[in-house]
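Q: return atomic coordinates for the entry below.
(2 chains)
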There are 2 protein chains.
Amino acid sequence: MSLLRQFQRHPAPDFSAYRRFIVAGRHVGWVRPALMERLRRFAHCFEADRETLRLHPGLAEPPARSAALAEVVEALRNEGLVPGWRGELYPVTTDFFAEPLLAIERASAPLFGTLAFGINVNGYVGRGWGMKVWVARRAPSKAVDPDMLDLLVGGGQPLGLGIEENLRKECWEEAGIPAELALAARPTGIITLLQERAEGLRVDLQFNFDLELDADFRPVNQDGEVAGFECLPVSDLLHLLRSTDEFMYDSAIVNLDFLVRQGFIGPDDPEYLPLVAGIRPPLPYASAGDTT
Amino acid sequence: MSLLRQFQRHPAPDFSAYRRFIVAGRHVGWVRPALMERLRRFAHCFEADRETLRLHPGLAEPPARSAALAEVVEALRNEGLVPGWRGELYPVTTDFFAEPLLAIERASAPLFGTLAFGINVNGYVGRGWGMKVWVARRAPSKAVDPDMLDLLVGGGQPLGLGIEENLRKECWEEAGIPAELALAARPTGIITLLQERAEGLRVDLQFNFDLELDADFRPVNQDGEVAGFECLPVSDLLHLLRSTDEFMYDSAIVNLDFLVRQGFIGPDDPEYLPLVAGIRPPLPYASAGDTT
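A: So this is what the prediction gives:
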């Protein structure tokens, strides 16, 4: 079977089914026409024409924008349109390092098709074909993808937290990795993900890290979100990715990136180029000069 | 100074200054209007309209296409339009693993804006911030970029040679690396490059490898194309990339990719996202589903 099966779980979005969402003249998201219709009643918040949804220019500063959108998202939530409410604020921007244009509830990001940021850690032991990779089995109680295989550590990047701070927090919560060990994780680049979901378009940019672990290291979950851990030989990891959908989607792509960078998938694989390209599709924002 | 300076050496091409080159219904290249005018006299070879240059559909098989184009390229060479003649055939295709549509002289690839493939090896010693990276100083006699800094090993991917075979060949010729050591190089992914040159558009897709070397390893050039080697601390490498144009362009980008993957450039750098994106811009072919 083909490693490309992982990309086929979410085919390339059909952008003709979306309209651009513009804030302060910048293209930062994608909304479905049906949602645009529902948003017309919030005339103090949006201006809509056939092609675009614009946040009202009267909302000139981030706090005012965030407050207005919070009211809208709360109304949509009451109508059952915001599945998986998180109670966590995400920045809205296509430039991670700039001041965000506003903040919105994490679960509503796909409704507006805004870019969500996250971090991932591949924890591994050993080198070469003797390498093993730690994976987590998600708790059956998780709202998203219960019981599926996951990375050792991964998490969203909420507003107001630095990447290094989030890395330490997630390493501790998900796997009981102490701060000094977490900070030994090496940044290795990014992946991007585009997924059409029932509620809208999910677009992710995730910062990836590799963390080499001692053979006697044992992860211990702290927040009840993990049912257990396993340290898989890379050949088993390759087999799972080639033949099953056991990994949650993001984690599968992060693992493919790891296996490419570490040389376990190489140009002797005739699918190498589509595989490498699939790991980081260009982000669908008109002026996202800061992204692929 | 900024690491982005390396990308600024070749700003994004202006595609409105080019016309599509089509072979067998596939978009495989870009030509300048002035070249299209010159090519009109080869009526048995091309069909041109305002927007596209098509290889004549009567040239239905790769050998006939290659022969016809060889005659054209020879004529252009006699008119001084093919600088840096190599006497080496390159495949014309946007799908590396498929049968090439035809073959052309390497030096003429930019005239037709076709995709050129290559390989690179980053040779390094040690780990973490104590790591050193081998670099070569190109011979003063080289036609392209004499005296500039280069990778330990890098080379074009000519027609009919497998990547592994080319890796062994180039490792030996450029640095005296024996076959068994060359084959320990780990594939790590690809970079892509777009450069507007006097003669046309140069588009490259290069397969990258990392090769860990012992501290007592010494490269020995075999083909006279290298003036000398140096083993640079990563901090010196970063400094050179940040502040100088001493590296030839391709090598600079391959080194940036290496430094990102190895964690020496991370998301604490506010230029991280444009930097990572710049390493692998999307290839400019309409149906290049096999590439970023």
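Q: rest of the way, CA atoms for contacts and neighbours
A: Noted.
Q: quickly find the element holding the residue of the stretch 51-200 of chain A found nearest chain B.
A: Relative to chain B, the nearest point of the stretch 51-200 of chain A is A:Thr188 (4.2 Å; CA to the nearest CA). Element membership for A:Thr188 (DSSP states H and E) is strand A:186-197.
Q: next structured bit after that strand?
A: strand A:200-212.
Q: that following strand packs against which elements?
A: Applying 3 or more CA pairs under 8 Å, 6 or more residues apart in numbering or on different chains; DSSP states H and E, one finds that strand A:200-212 contacts strand A:26-31, helix A:109-112, strand A:115-125, strand A:186-197.
Q: kindly recompute the last result at 7 Å.
A: In terms of contacts (3 or more CA pairs under 7 Å, 6 or more residues apart in numbering or on different chains; DSSP states H and E), strand A:200-212 is packed against helix A:109-112, strand A:115-125, strand A:186-197.
Q: the helix or strand just after that strand to strand A:115-125, inter-axis angle?
A: As assigned by DSSP H and E, the chain's next helix or strand after strand A:200-212 is strand A:226-233. Using axes from the mean of the first three to the mean of the last three CA atoms, to 10 degrees, one finds that strand A:226-233 and strand A:115-125 are set 60 degrees apart in direction.
Q: re earlier: residues near the residue of the stretch 51-200 of chain A closest to chain B, how many?
A: Other residues within reach of A:Thr188, judged by other CA atoms under 10 Å in any protein chain shown, total 26.
Q: so the residue positioned nearest the centre of chain A bridges to which residues?
A: Closest residue to the average C-alpha location of chain A: A:Asp204 at 4.0 Å, with CA atoms, centre = their mean. Note on A:Asp204: beta-bridge partners A:Ala116, A:Leu193, judged by DSSP bridges.
Q: gap between it and A:Arg106?
A: 12 Å (CA to CA, to the nearest Å).
Q: okay, now the unreliable bits of chain A?
A: A:287-292 (pLDDT under 70).
Q: for A:Trp30, what are its contacts?
A: Residues counted as contacts of A:Trp30 (CA atoms under 7 Å, 6 or more residues apart in numbering or on different chains) are A:Tyr18, A:Arg19, A:Arg20, A:Phe21, A:Phe112, A:Gly113, A:Thr114, A:Leu201.
Q: centre of the chain versus the helix or strand the third one falls within, how much separation?
A: If I follow you right, that is A:Arg20. Using DSSP H and E, A:Arg20 sits within strand A:19-23. Computed by CA atoms, centre = their mean, to the nearest Å, the chain-centroid distance of strand A:19-23 equals 20 Å.
Q: and it, what does it pack against?
A: strand A:26-31, strand A:52-55.
Q: same list (the contacts of A:Trp30) but as CSV, adding distance to B:Val226.
A: Output for the contacts of A:Trp30, formatted as CSV (distance: CA to CA, whole Å):
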residue, distance to B:Val226
A:Tyr18, 54
A:Arg19, 55
A:Arg20, 52
A:Phe21, 53
A:Phe112, 55
A:Gly113, 51
A:Thr114, 49
A:Leu201, 51
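Q: JSON lines for the residues you listed, including neighbour count and distance to A:Gly176?
A: Compiled in JSON lines, the contacts of A:Trp30 are given as follows (neighbours: other CA atoms under 10 Å in any protein chain shown; distance: CA to CA, whole Å):
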{"residue": "A:Tyr18", "neighbour count": "22", "distance to A:Gly176": "41"}
{"residue": "A:Arg19", "neighbour count": "22", "distance to A:Gly176": "43"}
{"residue": "A:Arg20", "neighbour count": "25", "distance to A:Gly176": "41"}
{"residue": "A:Phe21", "neighbour count": "25", "distance to A:Gly176": "40"}
{"residue": "A:Phe112", "neighbour count": "25", "distance to A:Gly176": "34"}
{"residue": "A:Gly113", "neighbour count": "28", "distance to A:Gly176": "33"}
{"residue": "A:Thr114", "neighbour count": "29", "distance to A:Gly176": "31"}
{"residue": "A:Leu201", "neighbour count": "25", "distance to A:Gly176": "33"}
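Q: now, among the residues you listed, which is nearest to B:Asp216?
A: A:Thr114 (51.4 Å; CA to CA).
Q: who touches the residue nearest to the closest one when sequence neighbours are not counted in this structure?
A: Among residues not flanking A:Thr114 along the chain, A:Gly29 sits closest, at 4.3 Å (CA to CA, 6 or more residues apart in numbering or on different chains). Contacts for A:Gly29 (CA under 7 Å, 6+ apart) come out as A:Arg20, A:Phe21, A:Ile22, A:Phe112, A:Gly113, A:Thr114.
Q: do A:Pro62 as well
A: Applying CA under 7 Å, 6+ apart, we find A:Pro62 in contact with A:Leu101, A:Leu102.
Q: how about 8 Å then?
A: Residues near A:Pro62 by CA atoms under 8 Å, 6 or more residues apart in numbering or on different chains: A:Pro100, A:Leu101, A:Leu102, A:Ala103.
Q: enumerate the residues of chain A near chain B.
A: Selection of chain A residues close to chain B by CA under 8 Å from any CA of the partner chain yields A:97, A:163, A:186-190, A:207, A:260-268, A:270, A:273-274, A:276-278, A:280-282, A:289-292.
Q: from the residues you listed, which land in strands?
A: A:Arg186, A:Pro187, A:Thr188, A:Gly189, A:Ile190, A:Phe207 (DSSP state E).
Q: the strands in the stretch 1-150 of chain A, which residues?
A: Counting by DSSP state E, counting those that start in this stretch, one finds strands in the stretch 1-150 of chain A at the ranges A:19-23, A:26-31, A:46-48, A:52-55, A:89-92, A:102-105, A:115-125, A:132-138, A:149-151.
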